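Q: what's the 3D shape of this:
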Amino acid sequence: QLVESGGGSVQAGGSLRLSCAVSGRTFSRLDMGWFRQFFGEEREFVAAIGDSGESTYYADSVKGRFTISRDNAKNTVNLQMNSLKPEDTAVYYCNVVSYCSGSVCYSRRDYWGQGTQVTVSS
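A: Take a look at the predicted model:
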């Protein structure tokens with residue numbers, strides 16, 4: 001089970017911290033990622049983190065503004081979002097990363113959580 005939280009409405013330049021609680025005993029062995037879906041579009045990659053937390057990957061559009069982290073003791077993965085822009089407005093989801101190709105990571109999991117809405121106004 002994946003439960004995302006922490007979304008909300010902020011003005012441009014503001015910050016939000018998203019959190020994802022993951023059920024299961026294999027969390028510490030999974031690469032995890034955040035993805036987002038703009039209205040009417042397909043889900044896209046935002047950030048990923050390796051199972052130990054030592055490796056991180058970011059979409060070019062968020063590099064330098066977003067930071068992904070994880071707590072394997074609590075089965076959570078977080079996304080700190082700073083300097084938010086109106087174009088960051090989307091529903092944000094976390095999930096297991098299936099593979100990465102170049103600088104983009106993908107999840108091929110069938111199950112997705114409800115996501116959390118992030119709205120950034122100008």
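Q: nearest spatial neighbour of the most centrally placed residue in the chain, skipping sequence neighbours?
A: For the chain, the residue nearest the mean C-alpha position is residue 34 (2.1 Å; C-alpha atoms, centre = their mean). Once flanking residues are discounted, residue 34 sits nearest to residue 46: 4.3 Å by C-beta to C-beta, 6 or more residues apart in numbering. For every residue, glycine as well, the C-beta is placed using N, CA and C.
Q: got it, and residue 60?
A: residue 103 (7.0 Å).
Q: so that neighbour versus residue 16, what's the distance?
A: 23 Å (C-beta to C-beta, to the nearest Å).
Q: for those two, indicate the residue with more neighbours.
A: residue 16 (21 against 12; other C-beta atoms under 10 Å).
Q: residue 112 touches residue 94, doesn't it?
A: No: counting by C-beta atoms under 8 Å, residue 112 does not reach residue 94; the two are 9.0 Å apart.
Q: quickly list what's touching both of these two.
A: residue 2 (C-beta atoms under 8 Å, 6 or more residues apart in numbering).
Q: neighbour count winner among these two?
A: Each of residue 112 and residue 94 has its neighbours counted (other C-beta under 10 Å); residue 94 has more, 30 against 15.
Q: next up, the contacts around the more buried one.
A: Residue 94 makes contact with 2, 4, 18, 20, 22, 32, 33, 34, 35, 77, 79, 113 under the criterion C-beta under 8 Å, 6+ apart.
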